[in-house]
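Trainee: Give me the fold of what follows.
(one chain, ligands or ions: 1)
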Amino acid sequence: MCGVVGYTGTRQASEWLLDALQTLEYRGYDSAGVQVVSPSGNLHGVKCAGRVAHLRERASVANLNGTCGIGHTRWATHGAPTDRNAHPHLDCRGRIAIVHNGIIENYQQLKRQLMMSGHTFSSDTDSEVVAHLIEDAWAGPASGNLALAVRNACDRLEGSWALAVVCADAPGTLVVTRNGSPLVVASTEDGAYVASDVMPLASVTSRVVQLQDRDVATLSPDGSIAISDRDGRVVEHPTAITIDWDASAATLGGYSDFMAKEITEQPEAIERLLSGRLGEHGIELDELTLTKAELASVRHVVIIACGTSYHAGLAAKSAIERWARVPVSVEYASEFNYDEEYIVDDNTMCVIITQSGETADTLTAARRMKGMGCNVFAITNVLGSTAARESDGTLYVQAGPEVAVASTKAYTAQMVASYLLALRLALAKGCMTREEVVKHFHDLERIPDLMREVLKRRWQDKQAVRFFRNKTSSLYLGRNVNSATAFEGALKLKEISYLHAEAYPAGEMKHGPIALIEGGFPVVVVVPADHVHDKTVSNIQECLARGAAVIAVATDGDERVAKLCSEVLWVPRCPNELIVPAVSVLHLQMLARYVARDRGYDVDKPRNLAKSVTVE
Ligand code: M6R
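Mentor: Below is the predicted model of the structure:
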């Protein structure tokens, strides 16, 4: 969602701000803008609907001379994605500029009050009230103290925010604060930086500080950062974290798009995740803060997530129930948050799965679970993310930065991470011996090579694209753990090709979706060599009998499927049924990408979507 950046120091601010906004493009946005404080003590800026490339063109002919400034990519919530609603927003005098990520829930009431006291508004956004509130504070007791003016203004806000503020009357000073929306600051020799996440900062430093909710930080041109907490107390030694990604990890490196790169990176991601996890006593998972006895007493696991991470949760359910014999509920965070009667007890463990670690719905759910007394374990990809900081334990999946909005490598890494948790639980509960755990772990270690084999077969996915040409809808089917694969495959197709895809557990098809099928209707069926193979083959026959164009995802050597289906995406034989989803989904990721490209779409930045959904 919205991206916030800011800089004060010795270099030209607009150069870094524009580069940083480009790096944040992956978060999803529809307009962008920058504002700098000029050496003569005035604000100059440009903003527009559309891409950062467009903003760059405008910036190149504008006077953006200045070494302190802020920038923004906006994902519209209040007010259409237009030039006028793009950030930064200014106060009435044009002396204070703000950029904001989040939602000001009481903005209508504040706007009414501000207008009654003479303020004039230039946009339809909720964010603009912040500029006017700071204007009032600056004109009052906080005059001359931008940090205090920002703090006083925030005291009147309800909702969520990450804010960066500059003032023409305080040249060189950049004030930032957050509540519920992420913000990271960094101090370097050439100045101080702020951004919504670590990606734009990777090019300038490897040490960053995550601000806590209600912290207010004042950034100065000498690179110093003064932070005070929610009570106004100075934060003496803010904890810095080291970014373990080099800046090149977020560049295309010869690929045509990030999705292609990230699909290809999956084998290495799984190798990193598994490295060092097998120890003397089984699976090494020190990130779990539960003792062995506490783990042994877990009687119910509740997995909470959204989107693709939810699908990883479905696979996790199969693994935990099969290996550790613990019942698992998988909940959509947005649904869970409004289920007032949700039942947990002392033996319930909560697992949240979130690639970004910043998804508002998932964070709300985790806080609610903690409030109900549950131990919350996070599986995430982003170091120091809010999910990681607020959970009792965190397992980083180490997939590396995922830039394409459609999640691929984080999905398989999250799934395999949850399998580690399942094995750890199985051992603690005495459902498996160490030898059995070791055997399963070695099976997991085979995933990278199995993935490499599937990647070599991408021509099969390219060939299957013809089934989707001139179509408006499709159906994805799978059984048991591979219903998760079907759900994920359909989500990928929808997200980037804008082609409707309905996913169903294969056996449910006859209870409704079968009515969709007519001559040439594309149906993707995940039909590996597993204990439900015969049943799924019957479903293929039901589809074919109605004229469907079936694309099967099947195990090498499956003669029955080969005879039935003209198009098969072949998957090498996997050592265990639970491994299949992590391997077969690569075909569905590649298929979605090829279909989207065939339709002429930008696979990395699908319309309307944001990489990290930081509002409810
Ligand atoms: O960062 P998270 O894993 O919490 O994000 C959850 C969903 O928003 C995300 O998986 C979304 O569905 C992706 N666009 C999937 O490709």
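Trainee: tell me which parts of this protein are close to the ligand?
Mentor: 306-309, 354-356, 359, 362, 405-407, 495, 609, 612-613 (Cβ under 6 Å from any ligand atom). Yep, even glycine has a C-beta here, placed from its N, CA and C like the rest.
Trainee: could you show me where the strands are in the stretch 51-200 of the chain, in order?
Mentor: Using DSSP state E, counting those that start in this stretch, the strands of the stretch 51-200 of the chain run over residues 68-74, 89-90, 96-104, 159-167, 174-179, 184-188, 191-195.
Trainee: Now do the buried residues in stretch 254-266.
Mentor: Neighbour counts using 16 or more other Cβ atoms under 10 Å place 257-266 of stretch 254-266 among the buried residues.
Trainee: ok, and what's touching that stretch?
Mentor: Stretch 254-266 has contacts (Cβ atoms under 8 Å, 6 or more residues apart in numbering) with 26, 252-253, 399-400, 402-404, 406, 408-409, 412-413, 448, 451, 455, 496, 586, 589-590, 593, 602-604.
Trainee: If any of the residues you listed are buried, give me the PyMOL selection for them.
Mentor: The following PyMOL line selects those of the contacts of stretch 254-266 that are buried, judged by 16+ other Cβ under 10 Å:
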select buried, resi 26+399+400+402+403+404+406+408+409+412+413+448+451+496+586+589+590+593+603+604
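Trainee: out of the contacts of stretch 254-266, which are inside strands?
Mentor: Taking DSSP state E, every one of those sits outside strands.
Trainee: The contacts of stretch 254-266 in helices, which ones?
Mentor: Using DSSP state H, 409, 412-413, 448, 451, 455, 496, 586, 589-590, 593 are the members of the contacts of stretch 254-266 that sit in helices.
Trainee: What about the closest residue to residue 169 other than its chain neighbours, how many residues nearby?
Mentor: Distances taken as Cβ to Cβ, 6 or more residues apart in numbering put residue 95 closest to residue 169, at 5.8 Å, once the chain neighbours are dropped. Counted with other Cβ atoms under 10 Å, residues neighbouring residue 95 total 20.
Trainee: pretty sure residue 95 is in contact with residue 170, am I right?
Mentor: No. Look at residue 95 against residue 170 with Cβ atoms under 8 Å: they stay out of range, at 9.4 Å.
Trainee: which of the residues of the chain next to the ligand tops the neighbour count?
Mentor: Greatest neighbour count in those, by other Cβ under 10 Å, goes to residue 354: 34 neighbours.
Trainee: how close does the closest residue to that one other than its chain neighbours get to residue 378?
Mentor: Closest residue in space to residue 354, ignoring its immediate chain neighbours: residue 362 at 4.7 Å, by Cβ to Cβ, 6+ apart. Relative to residue 378, residue 362 is positioned 9 Å away (criterion: Cβ to Cβ, to the nearest Å).
Trainee: Now do the shared contacts for the two.
Mentor: 352-354, 387.
Trainee: Let me know the closest of those residues to the ligand.
Mentor: residue 354 (3.3 Å; Cβ to the nearest ligand atom).
Trainee: What residues are recorded as beta-bridge partners of that closest one?
Mentor: residue 380 (DSSP bridges).
Trainee: got a list of contacts for the strand or helix carrying residue 460?
Mentor: Per DSSP states H and E: residue 460 is located in helix 458-464. Outside helix 458-464, the residues that touch it by Cβ under 8 Å, 6+ apart are 551, 567-570, 587, 590-591, 593-594.
Trainee: List the buried residues for it?
Mentor: Buried-residue list, helix 458-464, by 16+ other Cβ under 10 Å: 458, 460-462, 464.
Trainee: Next: stretch 435-447.
Mentor: 437, 440-441, 444-447.
Trainee: Residue 502 falls within a strand, correct?
Mentor: Yes. Using DSSP: H, G, I helix; E, B strand; the rest coil, the assignment for residue 502 is a strand.
Trainee: Torsion angles phi and psi at the closest residue to it other than its chain neighbours?
Mentor: In space, residue 502 comes closest to residue 475 once its chain neighbours are excluded; the distance is 5.1 Å by Cβ to Cβ, 6+ apart. Dihedral pair for residue 475: phi -130, psi 140, per degrees, to the nearest 10.
Trainee: cool, and residue 377?
Mentor: phi -110, psi 130.
Trainee: Show the contacting residues for it.
Mentor: 287-289, 349-352, 391-395, 421.
Trainee: Narrow those residues to those that are buried.
Mentor: Among the contacts of residue 377, the ones that count as buried by 16+ other Cβ under 10 Å are 287-288, 349-352, 391-395, 421.
Trainee: separation between residue 46 and residue 84?
Mentor: Residue 46 is 13 Å from residue 84, by Cβ to Cβ.
Trainee: for residue 58, same thing?
Mentor: Counting by Cβ to Cβ, the gap from residue 58 to residue 84 is 14 Å.
Trainee: same thing with residue 37?
Mentor: Counting by Cβ to Cβ, the gap from residue 37 to residue 84 is 22 Å.
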